[in-house]
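Asks: Give me coordinates for this.
(2 chains)
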Amino acid sequence: MDKIIELKNITKSYDRQVVLDDISLDIYDNEFITLLGPSGCGKTTTLRLIGGFETPDSGEILFGGQRINDVPPHKRNVNTVFQRYALFPHLNVFENVAFPLRERKTPREEIDQRVEEMLSMVALKGFEHRAVTSLSGGQQQRVAIARALVGRPKVLLLDEPLAALDLKLRKDMQQELKNIQKATGITFIFVTHDQEEALSMSDTVVVMSEGRIQQIGTGQDVYNEPKNAFVADFIGESNIVDGVMLKDKLVSFSGHTFDCVDGGFEPNEPVDVVVRPEDVDIVSVDKGMLRGVVTSVTFMGVHYEVIVDIGGFKWMIQTTDFVDVDERIGLYIEPDAIHIMKKSEYSGLYGDYASFSNEFDELSDAESEEEA
Amino acid sequence: MTKKRTRSSLVTGLVGGPYELWALVFILVPLGFVAYYAFTDNAFRFTTDNITRFFTATSSVTGADGAGREVRTYLVITWRSLKLAVISTVVCLLLGYPLAYIISRASPRAQKTMMTLIMIPMWMNFLIRTYAWMTILQDTGILNNFLAKLHLGRVHIIGTETAVVIGMVYDYLPYMILPLYSIMAKMDPKLFEAARDLGCAPAGVLRRVILPLSMPGVVNGVTMVLIPSISTFYISQKLGDGMFFLLGDAIEGQYTANNLHFAAAIAFILMVALLAAMAVMRKLTDRYTYGGQAK
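Replies: Okay, here's the model as predicted:
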């Protein structure tokens, strides 16, 4: 696969606040790549740089090997699906989709044919003469996608395109976008703060925080082998505890020594240990490697979310077995459920569920949708 | 259900009532009087003479070649009023459109300041503003003294149509900027970005997005400038040295000469013409209402 876009040491700041700090990223042809991170991590700015709406303070943007730092947006072979669709309210569905073709003075018959093609791809045949303001959110979303694809760009940029849709519709659209990407073979660069969305759709996930890329990899990579505490915490749920790597494949944490599968650390090196909540088995106290008291149990549908206090550190465990609050339980952890990470600037910031609540999670999600 | 409906209509009545009363007392009743006077003579008997007089009255003027001619007095005045009003409106639009756009894209703070600056002249009486322009435009006025200081020669503006247009543009420019600004401030800048993204150069964004979206503001601004400037008076007397008698001046003149019925007739004809013009404007606005065609 060929590189289609290369970002080289990009730095960008507004009012002396650094938004992107020395970002380098290669994007390949036909790839579905997702920029994932919380509000203010620089993912939208990265997208706007590629779209041509921002210029980097330093660094280079290459498109097919050509430097495009100073190429204005209308001359880039890149189109964008905007967060709130940005459909033209004075034009109907057909004219919205035909907009880029009319700008290029495409012949009439070709416009008709290509717009129809796009509208049938997004299942909006028969809506040609409808006012875009009379469409539902999902339908507007489809018009925006058709409009961005009708000009046959090399790369499609999608800026949190599903954030405004309800859950059911969002799931359908995820699948549909994935299908469209496969069918057209166009590179999709997708921005989201929703880690589930990122994992389920992307070939490559780029996890960003504070203007820096934290990890680049497939969905499995970033989930199973997070590079640091930030990634481990942001992608899925994680218990992150301080540990000491005694030697290869032997780690000690929470007052117990565990077999594990990782190596390559100095003897007795302090590390961050990640254990996913679904990888912890609840056993009787005498069989447990760790022992603790259940402090809360929440029914989530598929499983229970159990918070266990182990020596003052709150662990989250996802289990289908019911346990009761104040019950003493034992925990059993398989060696391959233990993931070891080097210490980083994020160590100690994440991974304790002492202040955990579901509402808090949702609040911070809603906020990040407003990211500029 | 029925109960709710009664209650909501009561609320509507209470809230909407005062407006209807207001409209009756301050709009419909005065207009009724204008129509009544227009179609009656001094003894308040029905007549159409006043209306006929508007279309048929003649007077003799001396042409540029020195020969005298008979012209239909009020039709000439109407034509002149219309011409100056249209020129003023076009100038207001050409000045006001870019200005409104610049203001609408400025920071909220700057927007407030600029809009205040545009409103400030409206706090002054328009007679005083017109007098101010007299002192500026006179042959020995501020403008000419300034030009003379720079050795650029003098210009004769006062007493020309240009002076009248300057006065009208100055007076009515805020009425153009306000509706344009209010519609432009509501435009989503993402739409401009989308247009750039989809292949438009900046000129294309203006032509294909900004202009069509601001059309309702243009129609409103044109209406709000054209209508008062077509019926304006006094500006032409002062800045035009009395050479450009306009419809507003004619109404004022007939009124002060105590020809109330003929003054009312002129006002009535002007009003009917303007209502017709507004109906056309409304049709234009409807055509440009957002959202494409068929629903």
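Asks: Could you pull up the residues touching the residue nearest to the spatial centre of chain B?
Replies: Central residue of chain B (CA atoms, centre = their mean): B:V225, 2.4 Å from the mean position. Residues near B:V225 by CB atoms under 8 Å, 6 or more residues apart in numbering or on different chains: B:S88, B:T89, B:C92, B:L93, B:Y172, B:L173, B:Y175, B:M176. Where C-beta positions appear, they are placed from N, C-alpha and C, glycine not excepted.
Asks: quick one: what helix or strand has the fifth one in it?
Replies: This points to B:Y172. Per DSSP states H and E, B:Y172 falls inside helix B:161-184.
Asks: which residues sit against stretch B:174-189?
Replies: So stretch B:174-189 is contacted by A:84, A:86, B:89, B:92-93, B:95-97, B:99-101, B:103-105, B:111, B:115, B:118-119, B:121-122, B:210, B:213-214, B:216-218, B:220-222, B:224-225, B:228 (CB under 8 Å, 6+ apart).
Asks: residues near the residue nearest to A:P56 when sequence neighbours are not counted, how many?
Replies: Using CB to CB, 6 or more residues apart in numbering or on different chains and skipping the chain neighbours, the partner closest in space to A:P56 is A:I10 (4.6 Å). Other residues lying near A:I10 total 25 when counted by other CB atoms under 10 Å in any protein chain shown.
Asks: With A:K247 instead?
Replies: As a burial measure, A:K247 scores 12 neighbours (other CB under 10 Å).
Asks: And for A:D286?
Replies: A:D286, neighbours per other CB under 10 Å, totals 7.
Asks: about what we covered before: among the contacts of stretch B:174-189, which ones are buried?
Replies: For those, a burial check counting by 16 or more other CB atoms under 10 Å in any protein chain shown picks out A:84, A:86, B:89, B:92-93, B:96-97, B:99-101, B:103-104, B:111, B:115, B:118, B:210, B:213-214, B:216-218, B:220-222, B:224-225, B:228.
Asks: In helices, which of the residues you listed appear?
Replies: B:89, B:92-93, B:96-97, B:99-101, B:103-104, B:111, B:115, B:118, B:213-214, B:216-218, B:220-222, B:224-225, B:228 (DSSP state H).
Asks: Show the pLDDT at A:A372.
Replies: A:A372 carries a pLDDT value of 40.
Asks: buried stuff in the one helix or strand the residue nearest to A:P56 maps to?
Replies: Assigned by DSSP H and E, A:I10 belongs to strand A:3-14. For strand A:3-14, burial by neighbour count (16+ other CB under 10 Å) applies to A:I4, A:I5, A:E6, A:L7, A:K8, A:I10, A:K12.
Asks: okay, these in TSV with pLDDT next?
Replies: Compiled in TSV, the buried residues of strand A:3-14 are given as follows (pLDDT from 0 to 100):
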residue	pLDDT
A:I4	94
A:I5	95
A:E6	95
A:L7	95
A:K8	95
A:I10	95
A:K12	94
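Asks: what about the helices in the chain?
Replies: Unless you meant another one, I'm taking chain A. A:43-51, A:93-103, A:108-121, A:137-149, A:167-184, A:195-201, A:219-224, A:229-234, A:358-368.
Asks: wait, chain B
Replies: B:2-23, B:29-38, B:49-56, B:73-104, B:108-119, B:126-137, B:142-149, B:161-184, B:189-197, B:202-205, B:211-230, B:235-239, B:247-256, B:260-287.
Asks: which one of those helices has the most crowded surroundings?
Replies: helix B:235-239 (a mean of 24; mean count of other CB atoms under 10 Å in any protein chain shown).
Asks: what's it packed up against?
Replies: helix B:126-137, helix B:161-184, helix B:247-256 (3 or more CB pairs under 8 Å, 6 or more residues apart in numbering or on different chains; DSSP states H and E).
Asks: where in the chain is pLDDT low?
Replies: No chain specified, so I'll use chain A. A:355-372 (pLDDT under 70).
Asks: I was thinking of chain B, sorry if that wasn't clear
Replies: Short version for chain B, where the test is pLDDT under 70: B:1-10, B:12-14, B:16, B:287-295.
Asks: what is the closest residue to chain B within chain A paired to in the beta sheet?
Replies: Nearest residue of chain A to chain B, counting by CB to the nearest CB: A:N92, 3.0 Å away. Note on A:N92: beta-bridge partners by DSSP bridges are A:A131.
Asks: my read: it touches A:T133, true?
Replies: No. Assessed by CB atoms under 8 Å, A:N92 is found out of contact with A:T133, at 9.8 Å.
Asks: Show the contacting residues for residue 115.
Replies: Assuming you mean chain A. Per CB under 8 Å, 6+ apart, neighbours of A:V115: A:F94, A:V97, A:A98, A:L101, A:E128, A:A146, A:V150.
Asks: oops, I was thinking of chain B
Replies: Here B:M115 is in contact with B:I103, B:Y181 (criterion: CB under 8 Å, 6+ apart).
Asks: Nearest residue to A:K3 in space, please, no chain neighbours.
Replies: A:K3 sits nearest to A:D26 (CB to CB, 6+ apart), 5.1 Å away.
Asks: what's the first-to-last distance across stretch B:20-39?
Replies: End-to-end distance for stretch B:20-39: 26 Å, by CA to CA, to the nearest Å.
Asks: Distance from the chain centre to that stretch, please.
Replies: 22 Å (CA atoms, centre = their mean, to the nearest Å).
Asks: Now do stretch B:133-152: everything it contacts.
Replies: B:G153, B:R154, B:V155, B:H156, B:I157, B:I158, B:A163, B:I166, B:G167, B:Y170, B:K238, B:L239.
Asks: May I ask which two of the residues you listed are separated the most?
Replies: Maximum pairwise distance in these, criterion CB to CB, is 24.7 Å, between B:G153 and B:K238.
Asks: sorry, back to before: tell me the one of the contacts of stretch B:133-152 nearest chain A?
Replies: B:Y170 (32.7 Å).
Asks: Pretty sure that closest one sits against B:M124.
Replies: No. Counting by CB under 8 Å, B:Y170 does not reach B:M124; the two are 11.2 Å apart.
Asks: any chance of the helices and strands packed on helix B:235-239 in TSV, plus distance to A:V323?
Replies: Shown next, in TSV, are these (distance: least, CB to CB, whole Å):
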stretch	distance to A:V323
helix B:126-137	83
helix B:161-184	62
helix B:247-256	89
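Asks: Out of the ones you listed, which is closest to A:G52?
Replies: Short answer: helix B:161-184, nearest of the helices and strands packed on helix B:235-239 by CB to CB, at 24.0 Å.
Asks: Run through the residues of the stretch 51-200 of chain A sitting next to chain B.
Replies: Neighbours of chain B within the stretch 51-200 of chain A, by CB under 8 Å from any CB of the partner chain: A:51-53, A:72-74, A:78-80, A:82, A:84, A:86-93, A:95, A:99-100, A:103-104, A:129-134, A:147-148, A:151.
Asks: Grab the nearest non-local neighbour of A:M173.
Replies: Distances taken as CB to CB, 6+ apart put A:L162 closest to A:M173, at 5.4 Å, once the chain neighbours are dropped.
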